[in-house]
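> pasting the sequence and the predicted coordinates here, then a few questions.
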Amino acid sequence: MKRLWTEWVIAIAFLREGRMQTLMITVGVAVGVAVIVFVSALIQGLQANVIDRTLGTQAHIRLLQPDEQNRLAPVADDVVQFVLEDKRAQRLRSINNWQQIVAALDQRPELTAVSPIVSGPAFVLRGEAVSSVALVGITLERYQQIVPLQDYLISGRLSIAADDVLIGSQLAQDLGVRVGSKIRLDTGQRESRVVNVAGIFELGVRELDARYVYLDLRQAQSMLDLVGGVTVIDLRVADIFTAENIAQSIGRLTQLRSESWIVTNSQLMNALSAQSLSTNMIIVFVGISVAFGIASVLSVSVVQRTREIGILRATGASQSQILRVFLLQGALFGLFGSVVGVAASYALVWVFNTFGPGLFYIPVAQSLIVSAVSLATVTGVIAAAIPARRAAQLDPVEAIRYV
Amino acid sequence: MSKEIMRLEALKKSYNIGMPNEVEVLHGINLTLSVNDFTALVGPSGSGKSTLLNIMGLLDQPTSGELYLLGQATGSMSEMERTQLRGRALGFVFQFHHLIQAFSALDNVLMPLMLQQGKPDHLARDRARELLSAVGLEKFSDRRPNQLSGGQQQRVAIARALATDPALLLADEPTGNLDSKSAEDVFALFRRIQSEHDCAVLIVTHDPRLSAQCDRTINLVDGQIVE
């Protein structure tokens, strides 16, 4: 560090003397960094919001019983058999040994929640009205960790004990029921049952709000004729972007069909990665133009300071010292500019969050700031490389004569 | 027998080597400078004075021949070694004072020390102040070069040249840009420095009054020494 001291002093003196140039390039870098930080934060906020909304109402991974396949009788070696087969109708079946599977999954640290569910079709009848629904039999405390139902409850209370059920707002409207009303559930398996509407929820997805009926796991099991069984195990993971890998490893271990949200929402993932790609393009091109700005200012500065470079060389400065003086100037342009730019982007984000459309909140991650500042500084050093080399290689004799 | 500081042996310098307009500027210079020499290098313009001075200052390299500085042959040195030797053993004073405008007078004097040692300690600062007061500018140490007169700037440049306690002080027309009063002062300063610091001084000039006051005059005519 002691060796770099002199280079620092000279670099800073040069920057202070060339006030106007320094100011202009600082503003240039600041605008670039502000754009990069603001756009990154905006896209991060937007994507977090979209993912949040999508995953707020579904599990990260669903484990299902694999489809049943037709078994064909083996034929003799010299016989050619043509088979026209229809796929088998998939009846509702329980996952084998689901208690052990749930117990095993509870031990895995990458999973934050495990919820066994029994789910099947049914009709809701009230007077003349009939509506087809999906029965979802849950254990409340486990399922709450997958979908926080209490956050979505708009009236009534969160209870599925005894004959209580929770229904969606759209269904309630279709049937004209409110909290406390009775409805008849018919699964076609056993005799129909009359239940209480204890609460009404609104997940914000119309399809789900019109079809989901939450009830107690045991009651759903008996109504769907699956006593002791579950049809789905819902999982939640700590890091949502690892869901697919975890899903695959769990699928191999349990021999179950394992679907992550990434696969079931592949459209969404495509959109998100296209968005990320375009953001990265913007960042790269803004970065390149910032780098050229720094390089051109320093190139001019090298020409302007030719004589001073010659004097420094004559007073004992080595080529590498001159090189470092100009690299440091590049680094300082990047540093100053990015600090100002980060402050500006903070202001922009604040304005957006306070006065903007309010569709979503933009967070500014500290890691984003640290990486923007350090990237800009490194860009400054790289941009300074060519002018700095030219400065170092000036012939001192000619440099001193330069007017 | 006085101690030798610099010796030039059969030193030649050509420009545009290998091209049709190749020209030899110095035709084999032999010269020895010793401690306490106070020498004037004179000659008409175009005689190769500046070229010789640049070579003696290790800013330029001869085409052939050898230059010994403090007993070391410099021809085979790397750029880095020559830079270090230049910083340690030589001091420069130019015709146009050539101070760095971004620094105060004191920092300009400190510059050779900073370039060699990094952050100056208080010893270095004391020395820079002493040098400034030796050239009569102790009151102006915080001024920028553009706040000083031409003669004052040249004295700052002399103080800077002395900062590393060089064995040889090279001055290229140090008074060429000054009025006669300032020129006298600057010349007297060189005289005093030479006796106080026990160094050799070589002044390039075309002012016959100055060269007459030097102990020795080297006449360079068409790239050859006529003493």
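Okay, I see it. Numbering: from 1, shown residues only, chains lettered A, B, ... in the order given.

> for the rest of this, base every contact and every neighbour count on C-alpha atoms.
Noted.

> skipping its backbone neighbours, what lies nearest residue B:222 in space?
In this structure, residue B:222 finds its nearest non-sequential neighbour in residue B:47, 4.7 Å apart by Cα to Cα, 6 or more residues apart in numbering or on different chains.

> mind listing what the one you found touches?
B:25, B:220-223 (Cα atoms under 8 Å, 6 or more residues apart in numbering or on different chains).

> so which of those residues comes closest to residue A:282?
If you rank the contacts of residue B:47 by distance to residue A:282 using Cα to Cα, residue B:25 comes first, at 57.6 Å.

> show the average pLDDT along the helix or strand where the closest one lies.
Taking DSSP states H and E as the definition, residue B:25 sits inside strand B:23-34. Mean pLDDT, strand B:23-34: 86.

> so residue B:6 sits in a strand?
Yes: secondary structure assignment (DSSP: H, G, I helix; E, B strand; the rest coil) places residue B:6 inside a strand.

> so it versus residue B:168, what's the distance?
Per Cα to Cα, to the nearest Å, residue B:6 is found 8 Å from residue B:168.

> residues making contact with the longest helix anywhere in chain B?
Using DSSP state H, we find that the single longest helix of chain B is helix B:180-197. For helix B:180-197, contacts defined as Cα under 8 Å, 6+ apart pick out B:36, B:38, B:135, B:151, B:154-155, B:165, B:174-176, B:200-201, B:210.

> what mean pLDDT does it have?
Averaged across helix B:180-197, the pLDDT comes to 84.

> the helix or strand just after that helix pairs with which strands, parallel or anti?
For helix B:180-197, the following helix or strand on the C-terminal side (DSSP H and E) is strand B:200-204. Sheet partners assigned to strand B:200-204 using DSSP bridges are listed as strand B:38-42 (parallel), strand B:168-172 (parallel).

> quick one, strand B:200-204 and strand B:23-34 angle?
150 degrees (axes from the mean of the first three to the mean of the last three Cα atoms, to 10 degrees).

> now do the buried residues in the helix or strand just after strand B:200-204.
Following strand B:200-204 in sequence order, the next helix or strand is helix B:208-212 (DSSP H and E). Of the residues in helix B:208-212, B:210-211 count as buried by neighbour count, 16 or more other Cα atoms under 10 Å in any protein chain shown.

> helices and strands around helix B:208-212, which ones?
Here helix B:208-212 touches strand B:38-42, going by 3 or more Cα pairs under 8 Å, 6 or more residues apart in numbering or on different chains; DSSP states H and E.

> can you check what angle separates the next helix-or-strand element following the strand it packs on from strand B:200-204?
Counting by DSSP H and E, the next helix or strand C-terminal to strand B:38-42 is helix B:49-56. Here helix B:49-56 runs at an angle of 150 degrees relative to strand B:200-204 (the same axes, to 10 degrees).

> what average pLDDT does helix B:49-56 get?
Mean pLDDT, helix B:49-56: 86.

> so does it get close to chain A?
Yes: counting by Cα under 8 Å from any Cα of the partner chain, chain A has neighbours in helix B:49-56: residue B:54.

> what are the contacting residues of that helix?
Helix B:49-56 is contacted from outside by A:397, B:25-26, B:41-43, B:60-62, B:67, B:170, B:172, B:204, B:220, using Cα under 8 Å, 6+ apart.

> stretch A:178-192 too?
Contacts for stretch A:178-192 (Cα under 8 Å, 6+ apart): A:121-126, A:155-156, A:172, A:193-200, A:223-225.

> so which bits of it are buried?
A:178-179, A:182-183, A:185-187, A:192.

> quick one: strands adjacent to the strand holding residue B:25?
strand B:4-15 (antiparallel).

> mind listing what's buried in stretch B:193-205?
For stretch B:193-205, a neighbour-count test (16+ other Cα under 10 Å) marks B:193-194, B:198-205 as buried.

> same check on stretch A:339-353?
Buried, per 16+ other Cα under 10 Å, within stretch A:339-353: A:339-346, A:348-350, A:352-353.

> just how off-centre is it within its chain?
On the basis of Cα atoms, centre = their mean, to the nearest Å, stretch A:339-353 sits 22 Å off its chain's mean C-alpha point.

> in chain B, what residue lies closest to chain A?
residue B:87 (4.0 Å; Cα to the nearest Cα).

> hmm, back to that, dump the strand holding residue B:25 to CSV, restricted to CA.
In CSV, the C-alpha atoms belonging to strand B:23-34 read as follows (Å, rounded to 0.1, in the frame of the first residue of the first chain):
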residue,chain,number,x,y,z
VAL,B,23,21.5,11.2,-39.8
GLU,B,24,24.3,11.0,-37.2
VAL,B,25,23.9,13.7,-34.7
LEU,B,26,26.7,12.8,-32.3
HIS,B,27,29.9,11.5,-33.8
GLY,B,28,31.8,9.8,-30.9
ILE,B,29,31.8,11.9,-27.8
ASN,B,30,34.4,11.3,-25.1
LEU,B,31,33.8,13.2,-21.9
THR,B,32,34.3,12.9,-18.2
LEU,B,33,32.5,14.8,-15.5
SER,B,34,33.9,14.8,-11.9
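
> before we move on, the earlier item: closest to residue B:127 among the buried residues of stretch A:339-353?
Once Cα to Cα is applied, the member of those that ends up nearest residue B:127 is residue A:339, at 39.1 Å.

> ok, the closest one touching residue A:30?
Yes: judged on Cα atoms under 8 Å, residue A:339 makes contact with residue A:30 at a distance of 7.3 Å.

> common neighbours of the two, please.
With Cα under 8 Å, 6+ apart as the test, residue A:339 and residue A:30 reach no residue in common.

> buried stuff in the helix-or-strand element of chain A with minimal mean pLDDT?
Every helix and strand of chain A was ranked by mean pLDDT, DSSP states H and E. The lowest is helix A:396-401, at a mean of 80. Residues A:396-397, A:399-400 are the ones in helix A:396-401 that count as buried (16+ other Cα under 10 Å).

> I'd say residue B:152 and residue B:137 touch.
Yes: counting by Cα under 8 Å, residue B:137 is a contact partner of residue B:152 at 7.4 Å.

> quick check, central residue of chain B?
The structure's chain B has its C-alpha centroid closest to residue B:170; by Cα atoms, centre = their mean the separation is 1.7 Å.

> counting by contacts, list what the lengthiest strand in chain A packs against.
The single longest strand within chain A, with elements called by DSSP state E, is strand A:111-126. With contacts taken as 3+ Cα pairs under 8 Å, 6+ apart, strand A:111-126 sits against helix A:98-106, strand A:129-138, helix A:140-143, strand A:182-186, helix A:217-223, strand A:232-237.

> show me how far the fifth one is from its chain's centre.
Distance of helix A:217-223 from the chain centroid (Cα atoms, centre = their mean) equals 36 Å.

> I appreciate the help and will end here.
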